[in-house]
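Novice: this one's structure only:
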Ligand SMILES: Nc1ncnc2c1ncn2[C@@H]1O[C@H](COP(=O)(O)OP(=O)(O)OP(=O)(O)O)[C@@H](O)[C@H]1O
Ligand SMILES: [Mg+2]
């Protein structure tokens, strides 16, 4: 399998703080690779090093076979970027934002304009082409940034929370567009806080926290290896929580995960037997999901 990104012991430091602390991973050609993690985990810092808006503090990074420390301007001409912050130019109209961005790729003006119109239609913004940026809603701005990222028909696209701020319907058709891009051979690298988005779009995921990798694998493998097939979930009061943890841990071979006032059980057997032993209201058994993996890996940290 051909790698389009190879990161080895990447470090991003802000003064003495390591926002990214020795991260190594590879992204294969044509896959959708997702970076997950709680707020402040270091996802955007990793992204910024990959698309050249932050200096690499330490480590090695190759993008499309090019050393990112030496050839970032070449890399920038080959990739598409949806940054977490939109970075649209408020002094220009929607269309002009695309045209000016397109100039960077040295494509003929007519080609850029045709492509811009095509993308505005794809993002359902064709009626807004002459508007100023400040006249757009938050979701419209996000869709414009997606259009901007696709302008040069890049084969590798970085998407830092692409659908944050989009309504559920828009999110749905953006997913369809992203899947179609992947089908046509484009490699996608994305971050998201929507576990459903990661499950729907990503072939492989890297979960990070505190600048480091916590787990890596396909969504299905991560679920099976870190949580199991099913979970039971119940809510307890702050007073009860230690009591329940003791009771369950003493009696069952289940692992107890805690997220706020919720307890989750995982185990190799079905956790069904445990239900009878726990007399708590609001108890549910359901299929394990990526959300459980995320909570298990980063949940304790988030609640401390
Ligand atoms: N320019 C900066 N100067 C100093 N610290 C920074 C800077 N940018 C990010 N950080 C810190 O680095 C850490 C990682 O931030 P980063 O933006 O990479 O997180 P993230 O995983 O993208 O979070 P989110 O999900 O909230 O977008 C945080 O502790 C943040 O405060
Ligand atoms: Mg971020």
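Specialist: Good, I have the coordinates. If you're wondering where the values come from, they're calculated on a predicted model, not measured in any experiment. Ligands and ions are numbered 1, 2, ... in the order given.
Novice: could you pick out the longest helix of the chain?
Specialist: helix 168-183 (DSSP state H).
Novice: helices or strands up against that helix?
Specialist: Secondary-structure packing of helix 168-183 (3 or more Cβ pairs under 8 Å, 6 or more residues apart in numbering; DSSP states H and E): helix 138-150, strand 187-191, helix 195-201. In short, each C-beta sits where N, CA and C put it, glycine included.
Novice: who touches the shortest one?
Specialist: Contacts to strand 187-191, defined as Cβ atoms under 8 Å, 6 or more residues apart in numbering, come from residues 4-5, 27-37, 43-44, 47, 50, 84, 155-162, 178, 181-182, 197, 201-202.
Novice: and with 7 Å instead?
Specialist: For strand 187-191, the external contacting residues (Cβ atoms under 7 Å, 6 or more residues apart in numbering) are 4-5, 27, 29-35, 43, 47, 155-162, 178, 181-182, 201.
Novice: for the residue of the stretch 201-304 of the chain found nearest ligand 2, which three-state class applies?
Specialist: Closest contact between the stretch 201-304 of the chain and ligand 2, by Cβ to the ion, is at residue 208 (11.2 Å). Following DSSP: H, G, I helix; E, B strand; the rest coil, residue 208 is assigned to strand.
Novice: going forward, begin numbering at 15 instead of 1
Specialist: Taking 15 as the first residue, the last one we looked at is residue 222.
Novice: tell me the bridge partners for it.
Specialist: Bridge pairing for residue 222 (DSSP bridges) gives the partners residue 227.
Novice: now do the same for it: its pLDDT.
Specialist: According to the prediction, residue 222 has pLDDT 96.
Novice: list the contacts for it?
Specialist: 37, 49, 51, 55, 56, 57, 228.
Novice: include pLDDT when you put those residues into CSV, please.
Specialist: Shown next, in CSV, are the contacts of residue 222 (pLDDT from 0 to 100):
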residue, pLDDT
37, 98
49, 98
51, 95
55, 97
56, 98
57, 98
228, 95
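Novice: inside strands: which ones of the residues you listed?
Specialist: Among those, DSSP state E puts 37, 49, 228 in strands.
Novice: that concludes my questions; thank you for your assistance.
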